[in-house]
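**Q** Can you look at this prediction? I've put the sequence above it.
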Amino acid sequence: MITTVPSDFRAVLPEGGRLIGLDVGTKTIGTALCDAGWSFASPAELIRRTKFSKDKARMVELIAAQHVRGMVIGLPLNLDGTDSPRTQSTRAFARNCEDLGLPILMWDERWSTVAVERTLIEQDASRAKRAELIDKMAAAYILQGAIDGLVNA
């Protein structure tokens, strides 16, 4: 199941459970995890993109190790809310993950990278450090927004 509706996603996970958040880029996939009670999200791992099969295999390992019950994938919409070419590729990525058997929530990620980058700049992180952290922190930002929305769904 792939949905953009939080209440539909919540309906298939009435008991909650750990979620993985993904910020899917062209070069990396930022990952984040949340607790089973959907209270807080934390950055996890940065997956450097190679072939989709290898990327997916790494995600499967992480999902199994962390007992993940659902996925939240950041949906990069245009500022006016319409789809962009990246939106289409992210939707295709989600469709390719459907066979993992986890419900997938596509979550609006507009401004997530900007918000995270501002935070890192405020913390005086170097440009190199920001480049290493930004995608997995963006995944945590996306996941936190989603779980906040799910708790209120």
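**A** All right, it came through fine. These figures come from a predicted structure and were not determined experimentally. Numbering: from 1, shown residues only.

**Q** With adjacent residues omitted, what lies nearest to Ile63?
**A** Counting by C-beta to C-beta, 6 or more residues apart in numbering, Ile20 is the residue found nearest to Ile63 once chain neighbours are left out, at 6.2 Å. Where C-beta positions appear, they are placed from N, C-alpha and C, glycine not excepted.

**Q** now Pro76
**A** In this structure, Pro76 finds its nearest non-sequential neighbour in Arg86, 4.5 Å apart by C-beta to C-beta, 6+ apart.

**Q** correct me, but the one you found touches Asn78?
**A** No. If you go by C-beta atoms under 8 Å, Arg86 and Asn78 don't touch, sitting 9.3 Å apart.

**Q** okay, these two: which has more neighbours?
**A** Arg86 (16 against 12; other C-beta atoms under 10 Å).

**Q** Show the average pLDDT along the host helix or strand of that one.
**A** If you go by DSSP states H and E, Arg86 is part of helix 85-97. Average pLDDT, helix 85-97: 91.

**Q** Going by neighbour count, list what's buried in that helix.
**A** 86-87, 90-91, 93-94, 97 (16 or more other C-beta atoms under 10 Å).
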